[in-house]
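> Predicted model and sequence below, questions to follow.
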Amino acid sequence: MNRREVIRNVALMLGGAFSASTVMAMDNWDKSTKPKMNGAMFSLTETQQKIVAEIAELIIPKTNTPGAKDVGVPAFIKMMLKDCYKEPEQQSFVEGLASMESVKFLSLNTDERKGVLKLLEQETKKNTGNVTPFWRLIKELTLLGYFTSEAGLKASFEYVQIPGKLELIKLKPNQKAYAY
């Protein structure tokens, strides 16, 4: 079983924590043997890449654990969108970045940036369209990229190769969950 299969199975076990387009993208990536034409045309400008990095860092900031930028989430997002997503989601993502550029996201302070993202999340909840909206895409890909990176997993879980018997335990404050 490879990493993509594990992620897809975990997503299904979590009751569809990832959107259908994210699960389909992972499936398409698994099945594809050559890049799709729309993926070859997808690209982000330097400003758009900076916006993606700043939004990802706001979603998972650096604390005593690495942040989204530290583990390479912005590059992961770009790769996933280019290689795995179809043109409607790519277009939705680029349109979302264009709206971030129009509000001059990079020149805002941290509190203003958080306010813009909260407003964006509220608008996304109202969206009932067939295409996954920008906020949902970037949030899902940030979480997926972070928690499938080695540093993200190590920061969040304690790996126990031979765990012993399986029993319910109460975690102490700041204790990591176990990953087997």
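Arrived safely. Residues are numbered from 1 along each chain as shown.

> could you pull out the strands for this structure?
Ranges of strands in the chain, per DSSP state E, are 157-159, 177-179.

> Least confident of these, on average?
Mean pLDDT is lowest for strand 177-179 out of the strands of the chain, coming in at a mean of 70.

> Please give the number of neighbouring residues around residue 121.
13 (other CB atoms under 10 Å). Quick note: C-beta positions are derived from backbone N, CA and C, even for glycine.

> Next up, the contacts around it.
By CB atoms under 8 Å, 6 or more residues apart in numbering, the contact set of residue 121 is residue 135.

> And for residue 149?
By CB under 8 Å, 6+ apart, residue 149 lies in contact with 71, 72, 73, 76.

> Kindly report the same for residue 127.
Applying CB under 8 Å, 6+ apart, the residues near residue 127 are residue 133.

> if I look at it, how far off is residue 51?
20 Å (CB to CB, to the nearest Å).

> next one: residue 125
21 Å.

> swap in residue 73?
13 Å.

> Now the residue sitting nearest the centre point of the chain: closest residue in space that isn't a chain neighbour?
Geometric centre of the chain, nearest residue: residue 141, 1.7 Å, by CA atoms, centre = their mean. Spatial nearest neighbour of residue 141, chain neighbours left out: residue 77 (4.5 Å); criterion: CB to CB, 6 or more residues apart in numbering.

> Thought residue 134 was touching the one you found, still the case?
No. Between residue 77 and residue 134 there is no contact under CB atoms under 8 Å: 11.5 Å.

> residues in contact with the nearest residue in space to residue 108 that is not next to it in sequence?
Nearest residue to residue 108, sequence neighbours excluded (CB to CB, 6+ apart): residue 116, at 6.8 Å. Residue 116 sits next to 100, 103, 105, 108 when contact means CB under 8 Å, 6+ apart.
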